[in-house]
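Enquirer: fold the following for me, if possible:
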Amino acid sequence: MTAQPTNLTGLDLRAEIDRLRKDRNAVILAHYYQKPELQDLADFVGDSLDLSRKAAATDADVIAFCGVRFMAETAKILSPNKIVVLPDMDAGCSLEDSCPPEMFRKFREAHPDHIALTYINCSTEVKALSDIIVTSSSAETILDQIPKDQKIIFGPDRHLGGYLNRKFDREMLLWPGVCVVHEAFSETELLKLKAQHPGAPVAAHPECPPTIVDHADYVGTTSGILAFAKSFPGATLIYATEPHNIHQMEPALPSKSFIGAPGADGNCNCNI
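Expert: Take a look at the predicted model:
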């Protein structure tokens, strides 16, 4: 049993975390959406599946995942012999919460001629009820390989599913879930930003509603947006995804400016 500090008052938290990381042979993962101070502590920062793959490739005994439940579950699936800990067991995802397994099961039973193409942002139970699991980066490639006449249920994100339907001329049946962060972006506020910064491209995550995606110059994953930020020739980028992503952009690209698209209330954060 590893000794636990009994009093954190006056404790050097960074030193204590480093001590426990070494004593437990642990690897710390932080999603792009995490606060900057947690990203700075992590061994790896990235998208959820990429983080789980990197952790699986290490010789660590313990994975500490700074993220939400489904991310830690994915890490455990890929590393069944490692201990996976989640700092906050109540850390949830609105997409996962929108798709209770029993309701998804009934939805599938009501459409027996459909296969279930399911976004990774869901519970392990929903994954088990699905035929194919995709990420936002793999969804296009996988969907393009499925015959056009195959009927498909896509869940839990209706905006990602709608984006895929439009891009590939599909008619997938969409589960009505949304990411509350990306749902909150305001078309009105985005258009104001574009007017204030003429010529600045807009990069948006496909979890955004079509009112945002339709104004984007680039649509892609968090990692894709980071890559786009490095490649576009301009000096200013407007981005429509969780604002903590900027922590990875600014140090790598000090000559560029990054402006987050606000929600209708002027804010848009993922509190995980």
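Enquirer: look at the closest residue to Thr124 other than its chain neighbours and tell me its secondary structure.
Expert: Using CB to CB, 6 or more residues apart in numbering and skipping the chain neighbours, the partner closest in space to Thr124 is Glu73 (4.7 Å). All C-beta atoms are positioned from the backbone trio N, CA, C, and that covers glycine. Assigned state for Glu73: helix (three-state reduction, DSSP: H, G, I helix; E, B strand; the rest coil).
Enquirer: quick one, grab the pLDDT at Glu73.
Expert: Per-residue confidence (pLDDT) for Glu73: 95.
Enquirer: please, where are all the helices along the stretch 151-272 of the chain?
Expert: For the stretch 151-272 of the chain, applying DSSP state H, counting those that start in this stretch gives helices covering 158-168, 180-183, 187-196, 210-213, 222-231, 246-252.
Enquirer: report how many residues lie close to Asp12.
Expert: 9 (other CB atoms under 10 Å).
Enquirer: quick one, what contacts it?
Expert: For Asp12, no residue meets the contact criterion (CB atoms under 8 Å, 6 or more residues apart in numbering).
Enquirer: kindly recompute the last result at 10 Å.
Expert: 18-19 (CB atoms under 10 Å, 6 or more residues apart in numbering).
Enquirer: how far away is it from Arg19?
Expert: Look at Asp12 and Arg19: by CB to CB, to the nearest Å, they are 9 Å apart.
Enquirer: ditto for Leu86
Expert: 20 Å.
Enquirer: settle it for me: which of the two has more neighbours?
Expert: Leu86 (19 against 12).
Enquirer: what pLDDT does the more buried one get?
Expert: Reported pLDDT for Leu86: 95.
Enquirer: pull the contacting residues for it.
Expert: So Leu86 contacts 63-69, 71-73, 75-76 (CB under 10 Å, 6+ apart).
Enquirer: quick check on the nearest residue to Phe232 once chain neighbours are set aside: phi, psi?
Expert: The shortest distance from Phe232 to any non-neighbouring residue, by CB to CB, 6+ apart, is to Pro201 (5.6 Å). The phi/psi pair for Pro201 (degrees, to the nearest 10) reads phi -70, psi 160.
Enquirer: so Ile77 sits in a helix?
Expert: Yes - counting by three-state DSSP, Ile77 is located in a helix.
Enquirer: test my guess that Val126 contacts Cys99.
Expert: Yes - if you go by CB atoms under 10 Å, Val126 and Cys99 touch, sitting 5.5 Å apart.
Enquirer: list residues touching both of these two?
Expert: 118-119, 155-156, 175.
Enquirer: quick one: which of the residues you listed sit in strands?
Expert: Taking DSSP state E as the definition of strands, the shared contacts of Val126 and Cys99 contribute 118-119, 155.
Enquirer: return the member of those nearest to Tyr33.
Expert: Closest to Tyr33 out of these is Tyr119 (15.9 Å), distances taken as CB to CB.
Enquirer: next, the contact list for that closest one, please.
Expert: 95-96, 99, 126-127, 130, 133-136, 139, 154-157, 160-161, 175, 177, 179, 207.
Enquirer: tell me the bridge partners for Leu29.
Expert: Counting by DSSP bridges, Leu29 is bridged to Phe44, Phe65.
Enquirer: and the helices of the stretch 151-272 of the chain as TSV, adding distance to Tyr32 and mean pLDDT?
Expert: Shown next, in TSV, are the helices of the stretch 151-272 of the chain (distance: least, CB to CB, whole Å; pLDDT from 0 to 100):
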stretch	distance to Tyr32	mean pLDDT
helix 158-168	17	98
helix 180-183	12	94
helix 187-196	21	96
helix 210-213	18	98
helix 222-231	5	90
helix 246-252	6	84
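Enquirer: list the residues that contact Leu193.
Expert: 186, 200, 202, 215, 236, 238, 240, 259-262.
Enquirer: on that earlier part again, okay if I get the ones in strands among the shared contacts of Val126 and Cys99 as CSV plus distance to Lys192?
Expert: Listed next are these as CSV, based on distance: CB to CB, whole Å:
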residue, distance to Lys192
Thr118, 36
Tyr119, 31
Gly155, 33
